[in-house]
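J.: From the sequence below, what's the structure:
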Amino acid sequence: MEAVGLVKIAIILFNLGGPDSLDAVQPFLRNLFSDPAIITLPAWLRLPLARLIARRRTSKARGIYEKIGGGSPILGQTEAQARALEGALEQALGTEHEWRGYVCMRYWHPMTERVVQSVRRFAPDRVVLLPLYPQFSTTTTASSFAAWKKAATFKAPTVEVESYPTEPGFIRASIELVKQGLADAGDGPRRVLFSAHGLPEKIIKRGDPYQRQVEQTAAAIAGHL
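T.: I've put the predicted structure just below:
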């Protein structure tokens, strides 16, 4: 039974998604390269090209996923984040709100349309769009937001968290992980290599802030090591 006056808040955790089996590798790649935010061509060119790229890359990608158990671990890890976030919010802000975290993947299940249906059944009073990409890009966060807005026809006050490249909590958590890695590496000379997905230079030149925000994150972490 719901508490009287309980405020229901849906938090949508956006992530890339990943194939959950070897048979899912090709359709996952096809979904990825069909996104106009990834390949900026008209649909009549982009969709056949996406199918071609997916077919050509499937064999190599299947081999990689086979080495890590036959599928991507991203869904399970993101679900764990959603449950941890619900618990942290309830502990920090009390039980007068009902916090419900929803994992929404861009290129594999659970995808936007299905998640929208689940959120509609929950009937939230407020919605928070929370990308798990700390740095904003037109190819990730903006693409997820666009897909959500196209599918979500229900009306509820919505807040968009666009980016958080230097959010103190994010930086502190990253520093702890780096320090743990350095400790595990033992004595002797050590170097920290910051690695991130790259973008075509033309996207950066069009004003995408991703590279700049990644550099801000790296500098914030390095400054505390």
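J.: Please make it C-alpha for all contacts and neighbour counts, starting now.
T.: OK.
J.: gap between I38 and F170?
T.: 27 Å (C-alpha to C-alpha, to the nearest Å).
J.: With neighbour numbers in mind, choose between the two.
T.: Taking neighbours as other C-alpha atoms under 10 Å, I38 and F170 compare with I38 leading, 17 against 14.
J.: Tell me which helix or strand the more buried one sits in.
T.: Using DSSP states H and E, I38 falls within no helix or strand.
J.: show me what contacts it?
T.: Each residue near I38 by C-alpha atoms under 8 Å, 6 or more residues apart in numbering is listed here: 32, 139.
J.: In a helix, F136, correct?
T.: No: counting by DSSP: H, G, I helix; E, B strand; the rest coil, F136 is not part of a helix but coil.
J.: Number the residues from 87 up from this point.
T.: Sure, I'll start numbering at 87, so the last one becomes F222.
J.: Starting from F231, give me the distance back to it.
T.: According to C-alpha to C-alpha, F222 and F231 sit 11 Å apart.
J.: got the phi/psi numbers for the nearest residue to E248 once chain neighbours are set aside?
T.: Excluding its sequence neighbours, the residue lying closest to E248 (C-alpha to C-alpha, 6 or more residues apart in numbering) is F222, at 6.3 Å. The phi/psi pair for F222 (degrees, to the nearest 10) reads phi -80, psi 140.
J.: Report how many residues lie close to F222.
T.: 23.
J.: That one is in contact with V247, isn't it?
T.: No: F222 sits out of contact with V247 when judged by C-alpha atoms under 8 Å, with a separation of 9.7 Å.
J.: From T303, how far off is A259?
T.: For A259, the distance to T303 - C-alpha to C-alpha - is 12 Å.
J.: These two - which one has more neighbours?
T.: Legend: neighbour count by other C-alpha under 10 Å for A259 and T303, higher for T303 (22 against 11).
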